[in-house]
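Visitor: got a predicted structure plus its sequence, pasted below:
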There are 2 protein chains.
Amino acid sequence: MSQSQSQDSALPAEVEERLTFDAQGLVAAIVQQHDTGEVLMLGWMDAEALHRTLTSGRVTFWSRSRQEYWRKGDTSGHRQYVRSVAMDCDGDALLVRVDQIGAACHTGTRTCFDGRDLQAVVGHEED
Amino acid sequence: MSQSQSQDSALPAEVEERLTFDAQGLVAAIVQQHDTGEVLMLGWMDAEALHRTLTSGRVTFWSRSRQEYWRKGDTSGHRQYVRSVAMDCDGDALLVRVDQIGAACHTGTRTCFDGRDLQAVVGHEED
């Protein structure tokens, strides 16, 4: 299989039926460093990318911009080794805990959120 | 403003221009407990929901299923108080750090990922 939105998913039926893919056949995948708790990045997976992630020990995404599979670290060396994968209550998001080698972000920062804070009012119990 | 995908965003121009909304006018919002690092849930925000989140101290989402704004905790009491908000490198994801009161998940679990692990091969450096 090399195409997104395959009808003939490689996922076990009991996993496939609990997932809710969007109109593009994708679910959001939050990637978190397993020991520090850092949220590293958000990527996207179709059924095949998730199958590869669950069975290979390395994280594979579906690239929406390039329309191809993308195994994290193959070009950069910044691999993500899988520690665990969980789905959320309504099956349209995944939490992938990994051991991240080097920078998760293609810009060179450890996470894709580093140094990109927006100005926000901090909330308190009385709000 | 009460509709999603408004052309007349309440966001500051310098924030709006750095964001990349999807075809539905939304960005993914990862919500993380600020002190423990727990990833609590994934929600969706349009420009107005983000504006409300940045300016009120409480997290507001756009509900894709109900097609309405949804300020977390208004019905459940399980409020999310904002600590910080960051965008990612390509502007289509947000990391919202909060102080979560009670359960983040409507099913009653602390996070939307609790007890929902998928079977996964653990990766190692030689993979």
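Guide: All right, it came through fine. Keep in mind that what you see is a predicted model, and the values were worked out from it rather than measured.
Visitor: once you drop chain neighbours, what's closest to the residue nearest in space to the middle of chain A?
Guide: Note on chain A: the residue nearest the mean C-alpha position is A:A29, at 2.9 Å, using CA atoms, centre = their mean. Closest residue to A:A29 apart from its sequence neighbours, by CB to CB, 6 or more residues apart in numbering or on different chains: A:L94 at 4.4 Å. Where C-beta positions appear, they are placed from N, C-alpha and C, glycine not excepted.
Visitor: in the sheet, who's paired with the one you found?
Guide: A:A29, A:M87 (DSSP bridges).
Visitor: what of the one 4 residues further on?
Guide: Residues in a beta bridge with A:V98, per DSSP bridges, are A:Q33, A:V82.
Visitor: got the contact list for it?
Guide: Applying CB atoms under 8 Å, 6 or more residues apart in numbering or on different chains to A:V98 gives the contacts A:31-34, A:40, A:59, A:80-83, B:123.
Visitor: please render the residues you listed as JSON lines that adds distance to A:A49 to the earlier fields.
Guide: Output for the contacts of A:V98, formatted as JSON lines (distance: CB to CB, whole Å):
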{"residue": "A:V31", "distance to A:A49": "13"}
{"residue": "A:Q32", "distance to A:A49": "17"}
{"residue": "A:Q33", "distance to A:A49": "20"}
{"residue": "A:H34", "distance to A:A49": "20"}
{"residue": "A:L40", "distance to A:A49": "17"}
{"residue": "A:V59", "distance to A:A49": "9"}
{"residue": "A:Q80", "distance to A:A49": "13"}
{"residue": "A:Y81", "distance to A:A49": "16"}
{"residue": "A:V82", "distance to A:A49": "12"}
{"residue": "A:R83", "distance to A:A49": "17"}
{"residue": "B:G123", "distance to A:A49": "15"}
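Visitor: still on that earlier bit, ok, the residue nearest to the centre of chain A - contacts?
Guide: Per CB under 8 Å, 6+ apart, neighbours of A:A29: A:42-45, A:50, A:53, A:59, A:61, A:93-96.
Visitor: I figured A:Q32 hits A:V96, correct?
Guide: Yes. Contact criterion CB atoms under 8 Å: A:Q32 and A:V96 qualify, at 7.1 Å.
Visitor: counting by contacts, list what the longest helix seen in chain A packs against.
Guide: Criterion DSSP state H: the longest helix present in chain A is helix A:47-56. If you count contacts as 3 or more CB pairs under 8 Å, 6 or more residues apart in numbering or on different chains; DSSP states H and E, helix A:47-56 packs onto helix A:13-16, strand A:27-33, strand A:60-63, strand A:68-71, strand A:80-87.
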